[in-house]
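K.L.:
predicted model, plus sequence, below.
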Amino acid sequence: MDELPQRVAGRNPVLWTALLLAGSFTLLYGRVLARLVHDWINDGNYSHGFLIVPLSLYFAWERRARLRTIQRDPSAFGLVVVIGSLAVLLAGLMGAELFLTRVSIVGIVAGSILFLFGWRTLGLLALPVLFLLLMIPIPAIILNQVTFPLQLLASQVGEAALRGLGVPVLREGNVIVLANVSLEVAEACSGIRSLISLLTLGIVYGYFADSRFSVRFVVALCTIPIAIASNGLRVAGTGIAAHYFGPRAAEGFFHTFSGWLMFVVAFCMLFVVTRLIIRVAPRSARGVLPDSIVAVRS
């Protein structure tokens, strides 16, 4: 009876190694993951975090045929990456820095792949691994530096749109003064939420829309001005509603509904821009790369 586990372990060393790594990972990162899920639930900026891991696993699964053809070439440098990631985890725990503890997750995953399978496998799985970074909330010190400029930019776009529509308006910083009400573009209205969500959506949509890295990169990059423009239009729409229907029109249901509506509009804009990019830069027979090269670049 004692020979059976030995036979199973001898025939499935990769399986037992994977189980050992999974158990160790759960032991090390149980609390970190629990706090991360808590932030996904309570922070509207990162509610898309629940989709990141399943999508990353799908991207990896989609490469299964090419993974079988790659020769395993384990690299000892992967162990260095794992140890370095553990050091980052320890530093984050000692300094109560959530961002470091969470980033170390990606380092552990990348280092484990490199240590067990080698550089070629890690190159093929680069996108699924790096995609995991989108589930990690940006540190507050960086988020605060980005949020206020976005508030001012949304105010400027909203002011320009209102002036273009003939609505009397005066802007003082991030406050838009109308004839009957003053609207403050608060931190929640800066557009950072739609920017983060639209960037994630743009990466996913670009991935399925075209296999070329250049097209995917441009599509993802286009989400930034699209998110800023759509949020500015939302501010302008709120100002128009307040101007013609009173201050209450800028609050409650309309304010919430306009956020969802503008996100739909932003995605439609992204769809149109992506179609234009593909039409302007069509795939030519000479420009098509072999699947292996596309996989590595992906």
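P.N.:
Yep, that arrived. Numbers count the residues shown, from 1 in each chain.
K.L.:
tell me where the stretch 101-250 of the chain has helices.
P.N.:
Counting by DSSP state H, counting those that start in this stretch, one finds helices in the stretch 101-250 of the chain at the ranges 119-124, 126-131, 140-164, 192-209, 213-245.
K.L.:
got a list of contacts for the second one?
P.N.:
Just to be clear, that refers to helix 126-131. Helix 126-131 has contacts (CB atoms under 8 Å, 6 or more residues apart in numbering) with 52, 55-57, 59-60, 63, 106, 109-110, 113, 122, 203, 207, 296, 298. C-beta coordinates here come from the backbone N, C-alpha and C atoms, glycine included.
K.L.:
mind running it again at 10 Å?
P.N.:
By CB atoms under 10 Å, 6 or more residues apart in numbering, the surrounding residues in contact with helix 126-131 are 52-53, 55-63, 106-107, 109-110, 113, 122, 200, 203-204, 207, 213, 216, 295-298.
K.L.:
return a PyMOL selection command for the buried portion of those.
P.N.:
The PyMOL selection below is limited to those of the contacts of helix 126-131 classed as buried (16 or more other CB atoms under 10 Å):
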select buried, resi 52+55+56+59+60+63+106+107+109+110+113+122+200+203+204+207+213+216+295+298
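K.L.:
please name the nearest non-neighbouring residue to V167.
P.N.:
Leaving out its chain neighbours, the residue that sits closest to V167 by CB to CB, 6 or more residues apart in numbering is H243, at 5.3 Å.
K.L.:
per-domain residue ranges of this protein.
P.N.:
For the chain, automatic domain parsing gives the domain ranges 3-137, 141-297.
K.L.:
rank those domains by pLDDT, which is bottom?
P.N.:
If those are sorted by mean pLDDT, domain 141-297 sits at the bottom with a mean of 79.
K.L.:
contact partners for L98?
P.N.:
L98 is in contact with V32, R35, L36, D39, G92, I136, P137, P139, A140, counting by CB under 10 Å, 6+ apart.
K.L.:
what's the answer for V88, then?
P.N.:
Counting by CB under 10 Å, 6+ apart, V88 has contacts E97, F99, L100, T101, R102, V103, S104, I105, G107, I108.
K.L.:
which ones are touching the first one?
P.N.:
Going back to what we said before, that points to E97. By CB under 10 Å, 6+ apart, E97 lies in contact with V88, A91, V103, P139.
K.L.:
of these, closest to V264?
P.N.:
The nearest member of the contacts of E97 to V264, counting by CB to CB, is P139 at 29.8 Å.
K.L.:
could you check how far the spatially closest residue to that closest one that is not a sequence neighbour is from R120?
P.N.:
In this structure, P139 finds its nearest non-sequential neighbour in F99, 4.5 Å apart by CB to CB, 6+ apart. Distance, F99 to R120, by CB to CB, to the nearest Å: 30 Å.
K.L.:
and T223, by the same measure?
P.N.:
T223 is 31 Å from R120, where distance means CB to CB.
K.L.:
those two: who's more crowded?
P.N.:
T223 (26 against 19; other CB atoms under 10 Å).
K.L.:
was I right about V167 contacting G237?
P.N.:
No: V167 is beyond contact range of G237, at 11.2 Å (criterion: CB atoms under 10 Å).
K.L.:
who touches both of the two?
P.N.:
A161.
K.L.:
what about I226, how many neighbours?
P.N.:
23.
K.L.:
TSV please, covering the helices of the stretch 101-250 of the chain and showing distance to A179.
P.N.:
Shown next, in TSV, are the helices of the stretch 101-250 of the chain (distance: least, CB to CB, whole Å):
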stretch	distance to A179
helix 119-124	60
helix 126-131	48
helix 140-164	11
helix 192-209	28
helix 213-245	7
